[in-house]
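S.K.: My questions are about this predicted structure, shown below with the sequence.
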Amino acid sequence: MRSEIMALLEELKYRGMGHVLDAELDRAEREGTATPEVLKRLLIAEIGYRRERRLAYRLESARLPWRWTLESFPFARQPGVTKSQILTLAGLDFLARAENVLLIGPPGTGKTGIAIGLLREACLNGYNGRFYNAQALLDELYASLADRSTAKLMRHLTAIRPLVIDELGYLTLKPEQTNAFFRLMDSRYGRASTIITTNLDTPSWYELFPNKSLVDALLDRLQHHCITIRIQGPSLRSPACASPVPQDPSDLAPGSPKTRRRSSAKP
């Protein structure tokens, strides 16, 4: 009978129930558990399994480059960052309001670490976010022009919550990339949150994007609903601030303690 039930669960792809079937049936025999209670335990196991699978998929799809979390961010070594402000952002209310986050500061001040921490927190709470290096994103937009897949790519990028664009700085851009980037930000305006890290304060964006009217329109949309954090502090890469920084993304595997939802200052 057990083998027949297992075969049915496999056919239905109820793998969570299959993983605990023998243990739950053995327990039921020992304790004389009623059938409804056994069924309830099996369903709870299936729900937990699917939740873990969805979480693993979101983390993988987010393309997080490092295993940084907001818990691992060295707030004590970066006086340019207000810890309470970042932990408030970790509540993710800005995503519900479709607000943007703009992190501005010199290299090494922790902009990317904060962006990754917020993105990871969003994934833990059911959002489908994505991390992009700015140049890679602009190159992907440019490549889509060749095979006429820009419209499809734009729809995909517009739906991402949140979209992290890292290292928007002195890039090599073609006019088509500038136009595509404006179209992307316009399509996301008021619909989905974008987190941007940059070492250029907004007045310098006119050097990055030479089309003044386009930059005016871009900044108007980006900053309309925006939380701007300017980090003026030491580089965390300097010898005086150096400490081991996690580099291995292996703790993003399903079931890892760091992939589980936390109730307070979340990972």
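M.R.: That came through fine. Keep in mind that what you see is a predicted model, and the values were worked out from it rather than measured.
S.K.: Could you use CA atoms for every contact and neighbour count after this?
M.R.: Fine.
S.K.: For the stretch 101-250 of the chain, which segments count as strands?
M.R.: For the stretch 101-250 of the chain, applying DSSP state E, counting those that start in this stretch gives strands covering 130-133, 163-166, 194-198, 226-230.
S.K.: Reformat the ones you listed as CSV; add mean pLDDT, distance to residue 121 and mean neighbour count.
M.R.: Shown next, in CSV, are the strands of the stretch 101-250 of the chain (pLDDT from 0 to 100; distance: least, CA to CA, whole Å; neighbours: other CA atoms under 10 Å):
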stretch, mean pLDDT, distance to residue 121, mean neighbour count
strand 130-133, 98, 12, 20
strand 163-166, 98, 13, 24
strand 194-198, 97, 13, 24
strand 226-230, 96, 17, 16
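S.K.: Reformat the ones you listed as a markdown table; add distance to residue 17.
M.R.: Converted to a markdown table, the strands of the stretch 101-250 of the chain look like this (distance: least, CA to CA, whole Å):
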| stretch | distance to residue 17 |
| --- | --- |
| strand 130-133 | 31 |
| strand 163-166 | 35 |
| strand 194-198 | 38 |
| strand 226-230 | 44 |
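S.K.: List the residues that contact the residue nearest the centre of the chain.
M.R.: The chain has residue 119 as the residue nearest its centroid, 2.7 Å off, counting by CA atoms, centre = their mean. Applying CA atoms under 8 Å, 6 or more residues apart in numbering, we find residue 119 in contact with 62, 129, 130, 131, 162, 164.
S.K.: Could you check the pLDDT of it?
M.R.: pLDDT, residue 119: 98.
S.K.: Quick check: the gap between it and residue 95.
M.R.: 11 Å (CA to CA, to the nearest Å).
S.K.: any shared contact partners between those two?
M.R.: Counting by CA under 8 Å, 6+ apart, the common neighbours of residue 119 and residue 95 are residue 162.
S.K.: What pLDDT is listed against residue 265?
M.R.: Predicted confidence (pLDDT) for residue 265: 34.
S.K.: how far does the lowest-mean-pLDDT helix or strand in the chain sit from the chain's center?
M.R.: Using mean pLDDT, DSSP states H and E, the weakest-scoring helix or strand in the chain turns out to be helix 205-208, at a mean of 90. How far helix 205-208 lies from its chain's middle: 27 Å, per CA atoms, centre = their mean, to the nearest Å.
S.K.: Can you name every helix or strand that that helix contacts?
M.R.: The contact analysis (3 or more CA pairs under 8 Å, 6 or more residues apart in numbering; DSSP states H and E) places helix 205-208 against helix 212-224.
S.K.: Let me know the average pLDDT across the helix it packs on.
M.R.: 92.
S.K.: Give the other helices and strands that that helix contacts.
M.R.: helix 175-188, helix 205-208.
S.K.: got those helices as a markdown table, with distance to residue 4 columns?
M.R.: Listed next are these as a markdown table, based on distance: least, CA to CA, whole Å:
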| stretch | distance to residue 4 |
| --- | --- |
| helix 175-188 | 50 |
| helix 205-208 | 65 |
